[in-house]
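Novice: pasting the structure only:
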């Protein structure tokens, strides 16, 4: 197992440790101050019994869902747009300005040539350590499959993305493939990162990340989720890549804009 994966496992164990209440309170406060976290939608920091509990904090009140296609999470859009093709006729997307990745490589066996032949629209959302770490359905969807792809756990920070091409393709990830209104395919790619040793999925608790050296796919029948329904959570921050068959979404946001779960991110075409 790569060193970064082992480091992430160790960090996860430390983050999950429950220190004596006074010490834990000071740890929580220091973390909140270090990352300038807005706690207005969450419980008081003193109530979290571990750093992991603070990382995975849940909203105290439900947010109002806006129209059309909403952001599945809180975070920052690092890049979005439509794919273009290279000399090998692969669909290429930008991870950050000047650095790219292969859509085919990212999705591996989760997409057919037919599904990708007309290109895709994509958006990369980075969740920093300060963000709310749960992810939700951006629209009503039928989940067809979830695929775990083993890999390394590089940092997905802007600095790292600027240096390493195809970083998302090299990292551990879970690819959720969904059918939207019986019209088009949406892939939601949950990318692991350094210190993000676990990703959890409410619809399938058997998916274990940073745990196996082999890939696997779970398929589902009649698994429908509603817009805004919680899908799972990262333990710390990472990245969600949204990939839709081209011509079905029109992004209403731009690169480097911050997004919030429940806020509109695209129009349906």
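Specialist: Right, received. Where do you want to start? None of the values given here were measured: they were computed from a predicted structure.
Novice: what bits of this structure have low per-residue confidence?
Specialist: For the chain, the stretches flagged by pLDDT under 70 are 1-17, 87-88, 194-197, 210-212, 236-237.
Novice: centre-most residue in it?
Specialist: The chain has residue 240 as the residue nearest its centroid, 2.7 Å off, counting by CA atoms, centre = their mean.
Novice: doesn't that residue lie inside a strand?
Specialist: Yes: residue assignment for residue 240, taken from DSSP: H, G, I helix; E, B strand; the rest coil, places it within a strand.
Novice: helix, strand or coil for the closest residue to it other than its chain neighbours?
Specialist: Take residue 240 and drop its neighbours on the chain: the residue closest to it by CB to CB, 6 or more residues apart in numbering is residue 125, 4.9 Å away. C-beta coordinates here come from the backbone N, C-alpha and C atoms, glycine included. The three-state label given to residue 125 by three-state DSSP is strand.
Novice: returning to what we had before: and the residue nearest to the centre of the chain, bridged to which residues?
Specialist: Bridge pairing for residue 240 (DSSP bridges) gives the partners residue 125, residue 190.
Novice: residues in contact with it?
Specialist: The contact partners of residue 240, taken as CB atoms under 8 Å, 6 or more residues apart in numbering, are 72, 73, 75, 124, 125, 127, 135, 188, 189, 190, 191.
Novice: and residue 31, by the same measure?
Specialist: Listed by CB under 8 Å, 6+ apart, the contact set of residue 31 reads 37, 51, 54, 129.
Novice: and it, what element?
Specialist: Per DSSP states H and E: residue 31 is located in helix 21-35.
Novice: ok, and for that helix, which residues are buried?
Specialist: Neighbour-count burial for helix 21-35, counted by 16 or more other CB atoms under 10 Å, picks out 24, 25, 27, 28, 31, 32.
Novice: quick one, phi psi at the closest residue to the last one other than its chain neighbours?
Specialist: Spatial nearest neighbour of residue 32, chain neighbours left out: residue 45 (5.7 Å); criterion: CB to CB, 6+ apart. Residue 45 has phi and psi values of phi -60, psi -30 when expressed as degrees, to the nearest 10.
Novice: now do residue 85
Specialist: In terms of degrees, to the nearest 10, the main-chain angles of residue 85 are phi -110, psi 150.
Novice: what count of nearby residues applies to it?
Specialist: Using other CB atoms under 10 Å, residue 85 has 11 other residues around it.
Novice: cool, residue 74 as well?
Specialist: Residues contacting residue 74 under the criterion other CB under 10 Å number 22.
Novice: I'd assumed residue 261 was in contact with it.
Specialist: Yes: counting by CB atoms under 8 Å, residue 74 touches residue 261, with 5.5 Å between them.
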